[in-house]
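[1] here's my sequence, what's the structure:
(2 chains)
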Amino acid sequence: MFPKLDPILHSELRLAVMSILAGVEDADFTFIKKQTGATSGNLSVQIDKLSAAGYITVEKGFKGKMPRTTCRITEAGQQAFSNYVDALKEYLSANK
Amino acid sequence: MKVILYKYINNRRTKQIIVNGVDLQDFFKNSQNNFVYIINYFIFAPKSIIITMEQNKEMTASESLALIAETMNNSRRVVLRNNAFHFVLWGALLTAFSLIIYFLWHTTGNAGWNLLWFAMPVIGYGLAALLDKKKDADPKNEISRLLGLSWAAFGFFSVVLSAIAIFLVPMNITLIIVLLLGLAECISGVILKNWPIAVAGIIMGIGGAVAAVLLKSEAQLLLFTLGGVLLAVTGLIIKLQYK
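    Just a heads-up that it's a prediction; the model follows:
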């Protein structure tokens, strides 16, 4: 029996956001936008979904006079991401 | 640029995908997903097709793993490449300060010009803060944090020991700072897994320490010029390594 893939992570943009955040301490909204090539609107929606799932925290502040949104992966997010990667590996090894 | 929206329902196109004579059917033939693609199709470059990450598509296991690996690699590369800027900045400052102080000491014969060194961290951190403010915030990872800590430790030891050497206990401060510089450079090379940088650090540290004993007075300052060039070159190597 295969483990069920986490539906929150099994989406291209959300998975890309989680992959970025898994490798850094935190990341600016503009950095994530640049790395994923997504539009601000869609990225905001996906970030909200990840935040609502408790996988990331979103902090709004200012850098000088410019508003700044910083995202950071949570422990639950790290765990979910790790479980997701393990599940993918199981799928792939079973298909070999 | 022409933006075209195509909808796929149960793996079937709802629209003929021929744009400006280019048939994109094969492009989507093996699609396993039911979602909307947005295609940015460049009329002036008919073969360039970019699929933006607009769609929240579901992926196969191998597609997901490939996406994770690619995204993590790209983000790691960008984070590390951003470190290059600090190496070049401090390398340029070290080179400039060593040459200016060497020139002043050589022409006036007054070693007191060495006090100018204390202006370097002030200018360096001020300049770095100013330039960082203009850039987008760079994320940090474990590697960039370790690099930052190594060089912060180098800066701390250098400033404190220089102050002790000048005001309390005279010592061959050039030898000590060159040794610390080589050590920090070597550690940077090991952290970045870049062996030319690590070896350059070893040569700088050991060769510089020996040279600091052999060279006298203002000639010792030229070792810092070499150190500055080494730092700037390290920055350029990092920029190229993570291009």
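
[2] how far away is the residue nearest to the spatial centre of chain A from A:K60?
    With distances taken as C-alpha atoms, centre = their mean, A:M18 lies nearest the centre of chain A, 2.3 Å away. Distance, A:M18 to A:K60, using C-beta to C-beta, to the nearest Å: 20 Å. From N, CA and C alone the C-beta is placed, and that goes for glycine too.

[3] what about the strands in chain B?
    Here chain B has its strands, by DSSP state E, at B:2-9, B:12-13, B:18-19, B:22-23, B:36-41, B:49-51.

[4] starting at the chain centroid, how far to whichever strand or helix holds A:L15?
    For A:L15, the element it lies in under DSSP states H and E is helix A:12-23. Put simply, helix A:12-23 sits 4 Å off its chain's centre (C-alpha atoms, centre = their mean, to the nearest Å).

[5] show me what that helix packs onto, helices and strands only.
    Secondary-structure packing of helix A:12-23 (3 or more C-beta pairs under 8 Å, 6 or more residues apart in numbering or on different chains; DSSP states H and E): helix A:29-36, helix A:40-52, strand A:56-63, strand A:66-73, helix A:75-95, helix B:61-108.

[6] mind redoing it with 7 Å?
    Contacts defined by 3 or more C-beta pairs under 7 Å, 6 or more residues apart in numbering or on different chains; DSSP states H and E place helix A:12-23 against helix A:29-36, helix A:40-52, strand A:66-73, helix A:75-95, helix B:61-108.

[7] the second one: how far from the chain's middle?
    Relative to its chain's centre, helix A:40-52 lies at 9 Å (C-alpha atoms, centre = their mean).

[8] now the angle between helix A:75-95 and that helix, please.
    Inter-element angle recorded for helix A:40-52 and helix A:75-95: 100 degrees (by axes from the mean of the first three to the mean of the last three C-alpha atoms, to 10 degrees).

[9] wait, does helix A:40-52 make contact with chain B?
    Yes. Against chain B, helix A:40-52 shows contacts by C-beta under 7 Å from any C-beta of the partner chain at A:42, A:46.

[10] which residues touch that helix?
    Contacting residues not belonging to helix A:40-52 are listed as A:8, A:13-14, A:17-18, A:32-33, A:36, A:56-58, A:71, B:54, B:56 [C-beta atoms under 7 Å, 6 or more residues apart in numbering or on different chains].

[11] can we see that at 10 Å?
    Helix A:40-52 is contacted by residues A:8-9, A:11-18, A:21, A:29-30, A:32-33, A:36-39, A:55-58, A:69, A:71, A:73-74, A:77, A:80, B:38, B:52-56 when judged by C-beta atoms under 10 Å, 6 or more residues apart in numbering or on different chains.

[12] give me the low-pLDDT residue ranges for chain B?
    Applying pLDDT under 70 to chain B flags residues B:1-58, B:136-137.

[13] sorry, wrong one. I was asking about chain A.
    A:1-2, A:95-96.

[14] 80 - rerun?
    For chain A, residues meeting the criterion pLDDT under 80 lie at A:1-4, A:63-66, A:92, A:94-96.

[15] which residues does B:I206 contact?
    B:178-179, B:182, B:186.

[16] sort out which one of those lies nearest chain A for me.
    Nearest to chain A, judged by C-beta to the nearest C-beta, of those is B:C186 at 25.2 Å.

[17] ok, now which ones touch that closest one?
    B:150, B:197-206.

[18] I'd like to know how far the closest residue to B:F154 other than its chain neighbours sits from B:L116.
    Among residues not flanking B:F154 along the chain, B:A184 sits closest, at 4.0 Å (C-beta to C-beta, 6 or more residues apart in numbering or on different chains). Taking C-beta to C-beta as the measure, B:A184 falls 22 Å from B:L116.

[19] of those two, which one has the most company?
    Legend: neighbour count by other C-beta atoms under 10 Å in any protein chain shown for B:A184 and B:L116, higher for B:A184 (23 against 13).

[20] you'd agree the more buried one is up against B:S150?
    Yes. Between B:A184 and B:S150 a contact is recorded at 5.3 Å, counting by C-beta atoms under 10 Å.
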